[in-house]
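Asker: Provided below are the primary sequence and the corresponding predicted coordinates.
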Amino acid sequence: MKITTFHSAARAATLAGVAALVAPVAQAQDYPSRTIEVIHEYGPGGGTDRFIRAVAQPLSEITGEQMVPISVQGGGGVPAYTNFIQRPADGHSLLGLGPAQVIGHIQGRMDLDELMPLARVQYDQALLWVPADSPHETLDDFLAAAKENPGRVTVGVTGAAGFDDVVVGLLGLESDTMLTTVPFSSSEMVSNTLGGQVTAMFEEYGPARGLAESGDMRALAVFSEERLDALPDVPTAAELGYDVTLGRWRAFAMHADDDAAQAQTLYDAIEEAVAAESYKEFEAQNALQYRSELIGLEEFQAFVDSEVETYTTVLRELGYIE
Amino acid sequence: MSAYMDALTYIVGSPVNLFFILFSVVWGIVFGSVPGLTGIVGVALLIPFTYAFESEQSLLLLGGVYVGATFGGSISAILFNTPGSPEAACTALDGYPMAKKGQAGRALGIALASSALGGIFGTLVLMLLAPPMAQFALQFGPPEYFALAILGITAIASIGGGSILKGLAAGFIGLAVATVGLDPITGVGRYTFGNNMLLTGISFVPVIIGTFALAEVLTRVGEGRNSKEAITDVSTKLPSLKELGSMKGTLGRSSVLGAIIGALPGVGATTASFISYSEAVRWSRHPERFGTGEPEGIAAPESANNSAVGGSMIPLLALGIPGSATTAVMLGGLTIHGIVPGPLLMEQNTRLVYSVFISMMLANVLMLFFGVRAARYFALVLTVPYAVVGPAIVVMCMTGVYGLNGNMVDIAVMLSFGVVGVVLKAMRYPVASFIIGLVLGPIAETSLRQGLMISGYSYAEFASRPITALLLGLSLVSLIYGFWGRWKAARADREAEAAARAAE
């Protein structure tokens, strides 16, 4: 621990020395002084990309500087993480943080200690969806079928051994059933569920909303503390006796040795940005208003620590880690 | 019908809308033709600007870019052996050899005409058959994807003209290279040798840019100043009706395949062009001519990938599921305008949907005019000495590959596969088989494992699904037929030799 502190102090001193030679020392007042880049591992047009753009729009009006998403796809987020770590800790590079990084940390592919959690903006909630003509009317029907035919009740998820697997796996552990998750790309997951190739799918409300409104799919349960206003008849899993409330969250992180004053400045700007009319509208369109409470810095660090603990337990019980 | 008239008057009645279509096609051709700047990037860059426009206008723009970019990739594929976008990789296989024979203009003309015909066919399917096609696509589960990929892969033995063994070997190398990276089902790293940056795998784009573009530059440098294969005559000539007529089988088959494969979620124009190329080889009377500048080798992938553009709009508009990476970006653009994509979209936003149909049709027609012009400007580059163009191509490839994903490993992959490409060519291993293995291998692997999970690891249940059984049966028959044809040809050769000897 001491060595790390020494190193970062030495690095800070060197940086300050260099900075003093070339340019005036960066101060919180004139921060940000250029475009802020947010590195993330998802494709353009996806949930995380749109999240960053939605925050960026009001944020650039507040700070006078642009914020742009940089997509470094694939590899379970490792290339995006590496790209971010290799950038200088000058406050102008951020990382899109979420459950994927927590899982990567537990798997030993990333190191959350290298990051400073800045602000958790969104806290989504997922549901278990079945096609309209499915024989399963309730979550208990569905779980009973899984008990009767072990391995034959399948749940489409996105990503391999990722967040979706953890939540569906936790439901299996809570209900003592074996649920087979089949990983797909998000569009294939929807088509395979509609086409009846898999029994159900795991998806957040926003992307599945169109299919719910047209009546092509119905939800068996929502994984959250409370029911959604939009789907008042869909019970929470917790109501039915399965304590699964994990949700996908979307957040920003800085480098662990970024300047604390800059972090505070940026957090305040983000707080102002997500209160803006345009962001609120985006939030409502994507059904993210239910439990997306902005938390930052210390409080967020505590949340991340508790997530690491939960995910470690579930991943171990599911056999993904030793 | 009145809804169509409404949409038509909306588009034609406003010069701004017409300008948007025109602009987006040209923008798309430019993005498609520059390696590393794909249609996806072209669409993604325009999305922030569409905030300011109506939702119809933003879709006009994005649809036009998609159409233009899918053709644009073939320009650089034909002139420089540098596929500007992944779906144009197949076009380089025959387009560049034809250009080297001094018929660059003819190759560009065939690519352009096939693109427009395929694009118009795909748009017609979208206009007339979107709901039933979307339902048909839902019949395709993992076992069907697997069978489709296998059908394409079995063609690797017949490609390359030379030896079956070399074709198979190159194909298997491609399949093997595709397994590097994250395991698609368990998320475990494979063949990364402890380097986490390799978890992304050996991505397809750096590999094609390496094996095509870089390998070509290296080969040309090796030939020195004696290189006689300078590309001349680049004035784009659209093929005559007679020439098109002689390819009608390939054009029709590829367009149908393109529309169907495009409509399948998760696979798009690139897969469509590779499977159509495989089928074109399989159905041809002269499979040995492919790879040496065969017109049908250009017509098949180009008509298929443009037809797939219309096809991939089908699940997007009918179900709210993007059929390809580019339509996934468009979906993001739609939601910005507060449109909820889903099965109700076609009922609730008829003007929007019909505007897309009409604008895509117009975009395909406009492409015919602007494609000819765009190719002409690109061809000016060819008047510059290769000592200048070659290094410029290398720089373009490196920045393009890096820009695509910001991953330095991709540059290392591209450089290594440049060398692999030279070696494959020098030893006469068909690059086409290698690339087909690389593209279709991951689809086959992932869908086989997904399918087995769904069928409870029962191979019988997996293979007995009607579409799967049909496609797998076709693959088997064509494989046996191909081997039998080779055997017969070899025997005929031997007999002819024996007869010649006897005559002496």
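Answerer: Now that the structure is in, tell me what you want to look at. Residues are numbered from 1 along each chain as shown, chains lettered A, B, ... in the order given.
Asker: Which residues are in contact with the residue in chain B that chain A sits nearest to?
Answerer: Proximity of chain B to chain A (C-beta to the nearest C-beta) peaks at residue B:342, 1.9 Å away. Heads up, the C-betas are built off the backbone N, CA and C, glycines and all. Residue B:342 is in contact with A:209-211, A:213-214, A:216, B:319-320, counting by C-beta atoms under 8 Å, 6 or more residues apart in numbering or on different chains.
Asker: who wins for most neighbours among these?
Answerer: Top of these by neighbour number is residue B:319, holding 29 neighbours under the definition other C-beta atoms under 10 Å in any protein chain shown.
Asker: in terms of contact, does that residue touch residue A:195 like I think?
Answerer: No. Shown here, residue B:319 and residue A:195 do not form a contact pair, counting by C-beta atoms under 8 Å, at 10.3 Å.
Asker: Can you tell me which helices and strands the lengthiest strand in chain A packs against?
Answerer: For chain A, the strand that runs over the most residues, judged by DSSP state E, is strand A:115-123. With contacts defined as 3 or more C-beta pairs under 8 Å, 6 or more residues apart in numbering or on different chains; DSSP states H and E, strand A:115-123 has these neighbours: helix A:47-63, strand A:93-97, strand A:249-255, helix A:260-274, strand A:295-296, helix A:297-318.
Asker: if we go to 7 Å?
Answerer: Using 3 or more C-beta pairs under 7 Å, 6 or more residues apart in numbering or on different chains; DSSP states H and E, the elements in contact with strand A:115-123 are strand A:93-97, strand A:249-255, helix A:260-274, strand A:295-296, helix A:297-318.
Asker: So residue A:129 versus chain B, what's the distance?
Answerer: Using C-beta to the nearest C-beta, to the nearest Å, one obtains 13 Å as the distance from residue A:129 to chain B.
Asker: That residue - that's part of a strand, no?
Answerer: Yes. Secondary structure assignment places residue A:129 in a strand (DSSP: H, G, I helix; E, B strand; the rest coil).
Asker: Now for it: which residues touch it?
Answerer: Shown in contact with residue A:129 (C-beta atoms under 7 Å, 6 or more residues apart in numbering or on different chains): A:193, A:200-201, A:203, A:208, A:217, A:219.
Asker: Closest to residue B:401 out of the residues you listed?
Answerer: Among the contacts of residue A:129, residue A:203 lies closest to residue B:401 (C-beta to C-beta), at 33.0 Å.
Asker: Please look at that closest one and residue A:128 and confirm they touch.
Answerer: No. Taking contacts as C-beta atoms under 7 Å, residue A:203 lies outside contact range of residue A:128: 8.7 Å.
Asker: residues in the stretch 301-450 of chain B within reach of chain A, list them.
Answerer: On the criterion C-beta under 7 Å from any C-beta of the partner chain, chain A has as its neighbours in the stretch 301-450 of chain B the residues B:315, B:319-322, B:325, B:328-329, B:331-333, B:335, B:338, B:340-344, B:405-407, B:450.
Asker: and the helix or strand containing residue B:169, how far from the chain's centre?
Answerer: Counting by DSSP states H and E, the element that carries residue B:169 is helix B:164-177. Taking C-alpha atoms, centre = their mean, to the nearest Å, the mean C-alpha location of helix B:164-177 is offset from the chain mean by 20 Å.
Asker: Per-residue pLDDT of residue B:382, please?
Answerer: The predicted local confidence for residue B:382 comes out at a pLDDT of 74.
Asker: What is the burial count for it?
Answerer: By the other C-beta under 10 Å criterion, the neighbourhood of residue B:382 contains 16 residues.
Asker: Just want the phi and psi numbers for it.
Answerer: Comment: the main-chain dihedrals of residue B:382 come out as phi -70, psi -20, following degrees, to the nearest 10.
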